[in-house]
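Chemist: Sequence and predicted structure below; questions after.
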Amino acid sequence: MLALLGSPSHACDGLTRRTLLRAAGVGLLGTSLSQVSAREAIGAARKPRARSVIFLFLYGGPSQLETFDLKPEAPDGIRGPFQPIASRTPGLLISEHLPRTAAVSDKFCVIRTMSHPYNDHSSAGHYLR
């Protein structure tokens, strides 16, 4: 018997409640569990997996206008003070003062936006770690 609350229980054939519900929901849409499993396996094979993550949280560090979001097409009062240079990642411009970072840009991801429900960045930073 499947439990409705608590830790996952297994049915007689080893299916969890979540797997059973997923199969039932997908079956209603005309797709079988074997097709879903095959698609998940293909999707998992295509997704690159990070072996490690380095998260830089720079209190008082250089701004985005000096590093990764220079806004070279913006008016003088808005754009960053440095010139952009091309990187190994197509379309990603990086500050002229970070040429070695630009050379390895295919090894990292630039997150351009984040949001949080807190009024100031200092207290919100505690929730991001």
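Modeler: Right, received. Where do you want to start?

Chemist: Could you use CA atoms for every contact and neighbour count after this?
Modeler: Will do.

Chemist: thought residue 81 was touching residue 69?
Modeler: No - contact between residue 81 and residue 69 fails when scored by CA atoms under 8 Å: they sit 11.1 Å apart.

Chemist: okay, those two: which has more neighbours?
Modeler: More crowded of residue 81 and residue 69, by other CA atoms under 10 Å: residue 69, with 18 against 15.

Chemist: and that one, what pLDDT?
Modeler: With respect to pLDDT, residue 69 scores 87.

Chemist: before we move on, what about residue 76?
Modeler: At residue 76, pLDDT is 87.

Chemist: for stretch 71-82, which positions count as buried?
Modeler: 71-72, 79-80, 82 (16 or more other CA atoms under 10 Å).

Chemist: Break this structure down into its domains, please.
Modeler: Domain assignment for the chain, taken from automatic domain parsing, gives 1-49, 64-128.

Chemist: Reformat the buried residues of stretch 71-82 as a markdown table; add distance to residue 63.
Modeler: Output for those, formatted as a markdown table (distance: CA to CA, whole Å):
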| residue | distance to residue 63 |
| --- | --- |
| 71 | 12 |
| 72 | 15 |
| 79 | 11 |
| 80 | 9 |
| 82 | 12 |
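
Chemist: Rebuild those as a markdown table, extending it with secondary structure.
Modeler: Below are these laid out as a markdown table (DSSP: H, G, I helix; E, B strand; the rest coil):
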| residue | secondary structure |
| --- | --- |
| 71 | coil |
| 72 | coil |
| 79 | coil |
| 80 | coil |
| 82 | coil |
